[in-house]
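[1] Based on what follows, work out the 3D shape:
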Amino acid sequence: MEKVECIVVGGGLAGLSTAYGLAGAGAEVMVLERGDYSGAKNVTGGRLYVSPIRGFYPELWTEAPFERPVARELITMMGDGAHTTFELASDRLVADPPQSYTVVRARLDQWLAEKVGEKGGMVVPGMKVDELLRKDGRVAGIRAGEDEIGADVVVVAEGVLRLLAEPAGLAARPVDADHALGYKEVIELPAGVIEDRWNLNPGEGAAQLFLGAVTDGMMGGGFLYTNKESISIGVVVGMRAMKADGREIESHQLLERFRELPQIKPLVAGGTVAEYSAHAVPEGGIAKVPRLYGDGYVLAGDAAGLSLNALVTVRGMDFAIASGFCAAQAVLKAKEAGDFSAAGLASYEAALRDSFVLRDLETARAYPRFMEVPRLFRHYPTAVSRLFGDVFTIGPGPTPPLVKKAWKGVKRDFLNVPTLQDAWRARKL
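    Next up, the predicted model:
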């Protein structure tokens, strides 16, 4: 049986980040990607927070094929027939260097795969891995069709579905309560049109999140990111919430309805749909992260549950890149010691705990359960728009004082027992 030092299963950001670090240090590494190319099967909203990862492979981020630095942050609360948008435009967001960029994964992943090749790593597209092989109780390689390839260590970066990790006993089967389903379209628009519609300076970008009517009050939300000459627009909805809802609506229809809303239709007018995709999203948080390493393997990226939805920020790509970096360092240490057992690979989890990855997930431990509160997606988006509607409405007859109008809305929608209960739940956020 053919054997290499390291096999990486999955040519996404976690797998490629691992391979880049290993190949750069002279290790023998093979990346097996089931898609036609790296990025072909990777679906994301399209935003990468670069600030946390600049210390990992710093030479990459000055030349990476990013789309636009995010200069405007928008959160839109969507009620029935009304919406309220909170916007932040700050020099801090795009100060040199910017905090985050919009990205197109097909472009970014292919570029990183090329960088792996330049370092001497091998990226093999169109290779579907069917099974992790074991020998003497440890992971010892992979089977792809009739081909078997051995390895000192396997980095499992296969993505959220755990089609290999779960049968091999490395991680639990994904369950609906810990996952959401996302649908996304990439809509082509001229750069000038994008900048005009989002009030952007040339080259700058916007990130917009939506809560409320976009998911018919179910747990989830919408997103919109501006690329150089396109926008990425999509809807994410909790799998369990969708099952429990009981209405006769298919999840993919939420995106179609979102795009046709009067608040959204002008933003996408004149655009051409260039891409449509759907994907599961891990949202279980730190409590659902499996054991990250064992004899002959480590888990990285979405396969390890390293993703964070903090309601106003959604992260995963920075976690994937950081986990790949830490995986590469751990494998190199194991190689130097000649020990690819669990003990020899234990530095991987230690590095993740020292980094922002597990620290940020631990800080956000309470978020997944808090986001199950239905009022976050049903009551508050409507209540916020109703409050501002009261403030800005001038009716017949004398107009009440501003504070009196606002206080009436606050008492009606926020000073009640359910809101106090929600505030108590939010105390640990």
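
[2] which one's the longest helix in the chain?
    helix 317-337 (DSSP state H).

[3] and that one, which residues are buried?
    Within helix 317-337, the residues that count as buried by 16 or more other C-beta atoms under 10 Å are 317-335. All C-beta spots, glycine's among them, are computed from the backbone N, C-alpha and C.

[4] distance between stretch 101-116 and the chain's centre?
    Mean-position distance between stretch 101-116 and its chain equals 15 Å (C-alpha atoms, centre = their mean, to the nearest Å).

[5] And the pLDDT at residue 11?
    Predicted confidence (pLDDT) for residue 11: 95.

[6] how close does the residue nearest to it when sequence neighbours are not counted sit to residue 116?
    In space, residue 11 comes closest to residue 33 once its chain neighbours are excluded; the distance is 3.0 Å by C-beta to C-beta, 6 or more residues apart in numbering. Separation of residue 33 from residue 116 (C-beta to C-beta, to the nearest Å): 11 Å.

[7] Mind checking which of these two has more residues around it?
    Neighbour tally, residue 33 and residue 116, criterion other C-beta atoms under 10 Å: the higher count belongs to residue 33, 29 against 26.

[8] how close does that one sit to residue 15?
    Distance, residue 33 to residue 15, using C-beta to C-beta: 8 Å.

[9] Show me what residue 75 bridges to in the sheet.
    Residues in a beta bridge with residue 75, per DSSP bridges, are residue 86, residue 209.

[10] Contacts for stretch 71-84, please.
    The contact list for stretch 71-84 (C-beta atoms under 8 Å, 6 or more residues apart in numbering) reads 85-90, 93-94, 98, 198-201, 204-214, 261, 263, 312, 380-386, 388-389.

[11] Quick check on those: which are buried?
    By neighbour count, with 16+ other C-beta under 10 Å, the contacts of stretch 71-84 hold 93-94, 98, 198, 200, 204-214, 263, 380-386, 388 as buried.

[12] from those residues, which ones fall inside helices?
    93-94, 380-386, 388.

[13] Export those to TSV and append columns for pLDDT.
    Listed next are these as TSV, based on pLDDT from 0 to 100:
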residue	pLDDT
93	94
94	92
380	96
381	95
382	94
383	95
384	95
385	93
386	93
388	94
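
[14] who touches the strand or helix carrying residue 143?
    Element membership of residue 143 [criterion: DSSP states H and E] is strand 138-144. Here strand 138-144 makes contact (C-beta under 8 Å, 6+ apart) with 1, 3, 7, 9, 32, 127-135, 148-151, 153-154, 164, 168, 170, 294-297, 340-341.

[15] Pretty sure residue 383 sits against residue 414.
    Yes - assessed by C-beta atoms under 8 Å, residue 383 is found in contact with residue 414 at 6.8 Å.

[16] Let me see the residues that make contact with the worst-scoring helix or strand of the chain on mean pLDDT.
    Least confident helix or strand, the chain: helix 239-245 with a mean of 84, by mean pLDDT, DSSP states H and E. With C-beta under 8 Å, 6+ apart as the contact definition, helix 239-245 has outside contacts at 176-177, 179-181, 216, 218-220, 251, 280.

[17] now stretch 387-396
    Here stretch 387-396 has contacts from 82, 84, 402, 405-406, 408-410, 413, using C-beta under 8 Å, 6+ apart.

[18] okay, how far is it across that stretch, tip to tip?
    Terminal residues of stretch 387-396 are spaced 19 Å apart (C-alpha to C-alpha, to the nearest Å).

[19] Can you give me the buried ones in that stretch?
    Across stretch 387-396, burial judged by 16+ other C-beta under 10 Å covers 387-388, 390.

[20] Alright, that wraps it up for me.
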